[in-house]
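**Q** Quick check, what structure comes out for this input:
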Amino acid sequence: TGSVRSHNIADFFWQEVTTRRTFCSGGTSYEKHWLGEPGHLTKAFGQNVEECCCGYNMLKLTRHIFGWTADPRAMDYYERLLFNSRLGTQESTGLKSYFYPLGRGWWKYYNTPYDSFWCCTGTGAEEFSKFNNSIYFHDQDAIYVNLFIASEVKWPEKGMRLRQVTSFPEQEGTTLIVSAKSPVEMSLNIRIPYWAASGGRVKLNGKAMSAFAEPSSYLTLRRTWKDGDRIEIDLPMNLHIDALPGDETQQAVMYGPLVLAGKLGNEGLDKSNTYLVNTSPGGKPVPAPTIQADLNDSVDWVEPVPGEKLRFRTVKQEKEIALMPLYQLRDERYAVYWKVNRKKPEHADASA
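**A** Numbers count the residues shown, from 1 in each chain. Here you go, the predicted model:
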């Protein structure tokens with residue numbers, strides 16, 4: 001519209017949601033509402049967390065925000081929401097979720113083929129056709145590589161094509177291959193995500209470059225690009241904690257951009273409470289183990305399973321629980337936010 005007031009409203013809304021009303025998945029709302037004060041989401045915590053239409057609309061809004069600002073933090077958020085929330089809301093035959101449980105002991109559920117078609121079913125069908133959107137942006141003189149997804153983009157005005165080869169997130173990085181009819185001078189802006197806390201590495205045509213960039217920024221490579229030029233980006237992932245806003249004792253575990261879910265079995269699950277006419281199945285969650293650990297950002301109670309991609313397990317606990325990316329998990333109860341009790345010191349001071 002060109003309206004400054006409308007711009008300011010949209011920008012304020014986006015900042016408010018992404019900084020103070022967002023769960024670890026990037027989603028927002030409880031039963032389609034906000035409960036409690038900003039930054040305190042403990043009241044909005046249970047089975048009917050995160051309506052899926054909210055996630056769909058936040059992706060759309062974030063595209064606008066990025067188009068106005070080119071702020072890498074917008075694409076940090078977009079990636080978080082895309083991989084953790086949106087990819088996890090469709091089952092194998094294309095049926096969609098309405099709410100997206102993030103607590104302990106709940107499960108994912110979907111509409112039925114013929115007897116239910118929710119608002120989130122419609123937006124879900126739309127957004128699954130749009131997942132090529134926002135991988136790349138461009139301005140007059142640069143391409144922005146925002147998301148690490150195997151894809152190809154053409155820029156006819158520049159006479160060039162950029163192909164991205166990756167199996168991200170199983171692969172911790174990506175490769176970009178240039179095809180150009182003739183040499184072309186321009187910039188490649190490659191997002192270095194917020195989760196790249198241990199740095200990374202970039203190679204140009206097999207040669208390591210000394211330059212890199214800070215997390216939540218763009219690494220800008222400007223040169224005259226030639227046909228066959230190849231850029232390899234390594235982005236090591238690490239385990240880290242994302243606590244529930246307002247309660248540091250409820251902690252989600254993330255690996256790079258991925259929220260991990262602990263597998264709690266499929267007790268009591270069948271088609272009657274997994275494929276629904278109504279938008280909520282009801283029922284009760286199964287209990288999840290309480291974690292004994294330090295209340296900080298380090299994760300000493302989860303480790304990768306050797307030899308398995310994106311598979312993890314709890315350690316130093318009474319019971320071992322297997323974890324995997326939330327978006328990959330189906331047909332099982334799970335835990336995302338764990339209740340964490342501060343572990344007792346190994347050698348307590350007995351003096352008075």
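**Q** so who does Pro257 touch?
**A** Pro257 makes contact with Glu79, Arg80, Phe83, Asn84, Pro169, Pro193, Trp195, Met237, according to Cβ atoms under 8 Å, 6 or more residues apart in numbering. Glycine gets a C-beta too; all of them are placed from N, C-alpha and C.
**Q** Return the member of these nearest to Pro289.
**A** Among these, Asn84 lies closest to Pro289 (Cβ to Cβ), at 22.2 Å.
**Q** where are the low-confidence patches of this structure?
**A** Across the chain, the ranges flagged by pLDDT under 70 are 344-352.
**Q** Show me where the stretch 101-250 of the chain has its strands.
**A** For the stretch 101-250 of the chain, the strands defined by DSSP state E, counting those that start in this stretch occupy 104-106, 110-111, 136-138, 142-145, 151-155, 160-165, 173-180, 184-192, 201-204, 207-208, 217-225, 230-234, 239-244, 247-255.
**Q** count of neighbours near the nearest residue to Ala125 once chain neighbours are set aside?
**A** Computed as Cβ to Cβ, 6 or more residues apart in numbering, the closest residue to Ala125 that is not its neighbour in sequence is Lys96, at 7.2 Å. Look at Lys96: counted by other Cβ atoms under 10 Å, it has 22 neighbours.
**Q** Provide a list of residues in contact with Lys96.
**A** The contact partners of Lys96, by Cβ under 8 Å, 6+ apart, come to Cys52, Thr89, Gln90, Tyr110, Asn111, Trp118, Cys120, Thr121, Gly124, Ala125.
**Q** got it, and Gln90?
**A** Contacts of Gln90 by Cβ under 8 Å, 6+ apart are Lys96, Ser97, Tyr110, Gly124, Phe128.
**Q** The first one and Met160, how far apart?
**A** Taken as Cβ to Cβ, to the nearest Å, the spacing of Lys96 relative to Met160 amounts to 37 Å.
**Q** do the same with the last one
**A** In this structure, Phe128 and Met160 are separated by 29 Å, where distance is defined by Cβ to Cβ.
**Q** With the third one instead?
**A** Shown here: Tyr110 relative to Met160, a distance of 42 Å by Cβ to Cβ.
**Q** Let's see stretch 100-113 as PDB, backbone CA atoms only.
**A** The C-alpha coordinates for stretch 100-113 follow below in PDB (Å, rounded to 0.1, in the frame of the first residue of the first chain):
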ATOM      1  CA  TYR A 100       0.900 -28.900  16.900                       C
ATOM      2  CA  PRO A 101       1.600 -30.300  20.500                       C
ATOM      3  CA  LEU A 102       4.900 -29.300  22.000                       C
ATOM      4  CA  GLY A 103       4.500 -30.600  25.600                       C
ATOM      5  CA  ARG A 104       5.200 -34.000  27.100                       C
ATOM      6  CA  GLY A 105       3.300 -37.200  26.200                       C
ATOM      7  CA  TRP A 106       1.100 -35.900  23.400                       C
ATOM      8  CA  TRP A 107       1.000 -36.900  19.800                       C
ATOM      9  CA  LYS A 108       0.400 -35.500  16.300                       C
ATOM     10  CA  TYR A 109      -3.000 -35.800  14.700                       C
ATOM     11  CA  TYR A 110      -4.500 -35.000  11.400                       C
ATOM     12  CA  ASN A 111      -7.800 -34.500   9.500                       C
ATOM     13  CA  THR A 112      -9.500 -37.400   7.700                       C
ATOM     14  CA  PRO A 113      -9.700 -37.900   4.000                       C
END
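**Q** Can you give the distance from it to the centre of its chain?
**A** Stretch 100-113 sits 18 Å away from the centroid of its parent chain (Cα atoms, centre = their mean, to the nearest Å).
**Q** how about it: buried residues?
**A** Neighbour counts over stretch 100-113 (16 or more other Cβ atoms under 10 Å) mark Tyr100, Pro101, Leu102, Gly103, Arg104, Gly105, Trp106, Trp107, Lys108, Tyr109, Tyr110, Asn111 as buried.
**Q** Equivalent analysis for stretch 195-211, please.
**A** Trp195, Ala196, Gly200, Val202.
**Q** List of residues touching that stretch?
**A** 173, 190, 192, 212, 215, 219, 221, 229-238, 240, 254, 256-257.
**Q** Could I have the buried ones of those residues as PyMOL selection syntax?
**A** To isolate the buried subset of these in PyMOL, counting by 16+ other Cβ under 10 Å, use the following:
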select buried, resi 173+190+192+215+219+221+229+231+232+233+234+235+237+254+256+257
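**Q** Next one: His33 relative to Glu50, how far apart?
**A** 12 Å.
**Q** ugh, wrong one, Ile233
**A** 31 Å.
**Q** Gln251 touches Tyr337, doesn't it?
**A** Yes: between Gln251 and Tyr337 there is a contact under Cβ atoms under 8 Å: 6.6 Å.
**Q** any shared contact partners between these two?
**A** Contacts common to Gln251 and Tyr337, judged by Cβ under 8 Å, 6+ apart, are Leu244.
**Q** So how do I select the buried members of the contacts of Lys96 in ChimeraX?
**A** Burial among these is assessed by 16+ other Cβ under 10 Å; the matching ChimeraX selection reads:
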select :52,89,90,110,111,118,120,121,124
